[in-house]
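Peer 1: I'd like to go over a predicted model; first the sequence, then the structure.
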Amino acid sequence: MCPFCCIGKRKFEKALARFPHKEDIEIEWKSFQLNPDLKTDGSKNINDYLAEAKGISIEKAKEMNDYVTGIANTVGLTYNFDKAVVANSFDAHRFSHLAKAKGLQDEAEEALFKAYFTDGKNTSDHETLAELGAAIGLDPEEIRKSLNSNEYAEEVKKDIYDAYQIGVRGVPFFVFDDKYAVSGAQESDTFLGALTQAYTEHVGKKPALNIVGEDGEYCTPETC
């Protein structure tokens, strides 16, 4: 549900495409909730929610979201904030963990991003998640059964706990080899530097590049 997470993903993917050892890189999605108490409300779109949360006018909220939409367009994404359904993300995170167990987590995240930002679907609705899963090769009945239980709830909670332990307070937040981090939807060169630093240290070679954090400085997960 974070618009900059999807933007950051595209910028990271651009960096990964340039990385000479991309076949050696394993990507794992982690769960995080900025507002765990958020109530799903199909009567509100994200402009309404932002206006209420920030105490601003609908016009100002739309102006802010239009700005983000423009950034998304530069990396090939289509955001329709006027259609986005305000929804609690916990079950979507559980769905992502189920997909991870089947080797389809990245596909699940792509489906969730498109459903939320482009198609205006309710991503907390179990039937919607079953349909998204079926489209990427998951068993919809297994999804329904999982979501109607507490399956993967502890995995989501553990991800959130682990994130707080290393100082994550906002997203996107990228951790490389449990040693280095990039906070925010940085430019592709920053991600390429992080990949190079982490990879060269992991395989025992002299690092070639430094990582640049959100403030333009070298950082670790504890200091970004």
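Peer 2: Structure's in. What do you need?
Peer 1: dump the residue contacts of F81.
Peer 2: Shown in contact with F81 (CB atoms under 8 Å, 6 or more residues apart in numbering): 45-47, 62, 65-66, 68-69, 117. Placement of C-beta: from N, CA and C, glycine included.
Peer 1: shaky segments in the chain?
Peer 2: Scanning the chain for pLDDT under 70 picks out the ranges 205-224.
Peer 1: got the domain boundaries for it?
Peer 2: For the chain, the structural domains run 1-32+168-224, 35-159, going by automatic domain parsing.
Peer 1: re earlier: show me the contacts of F81 that map onto strands.
Peer 2: Using DSSP state E, the subset of the contacts of F81 located in strands is N45.
Peer 1: which of the contacts of F81 sits closest to K30?
Peer 2: Among the contacts of F81, F117 lies closest to K30 (CB to CB), at 19.7 Å.
Peer 1: which residue is the nearest non-sequential neighbour of that closest one?
Peer 2: Leaving out its chain neighbours, the residue that sits closest to F117 by CB to CB, 6 or more residues apart in numbering is Y79, at 4.7 Å.
Peer 1: repeat that for A163.
Peer 2: Closest to A163 by CB to CB, 6+ apart is F32, at 5.2 Å.
Peer 1: now L38
Peer 2: N88 (5.0 Å).
Peer 1: what ranges does this structure have for its strands?
Peer 2: Applying DSSP E to the chain gives strands spanning 41-45, 85-86, 173-176, 180-183.
Peer 1: looking at those, which is closest to F113?
Peer 2: Closest to F113 of these, according to CB to CB: strand 85-86, at 13.7 Å.
Peer 1: what does that closest one contact?
Peer 2: So strand 85-86 is in contact with 38, 40-42, 44-46, 48-49, 116, 120-123, going by CB under 8 Å, 6+ apart.
Peer 1: what about 7 Å?
Peer 2: Identification of contacts with strand 85-86 by CB atoms under 7 Å, 6 or more residues apart in numbering yields 40-42, 44, 46, 49, 120-122.
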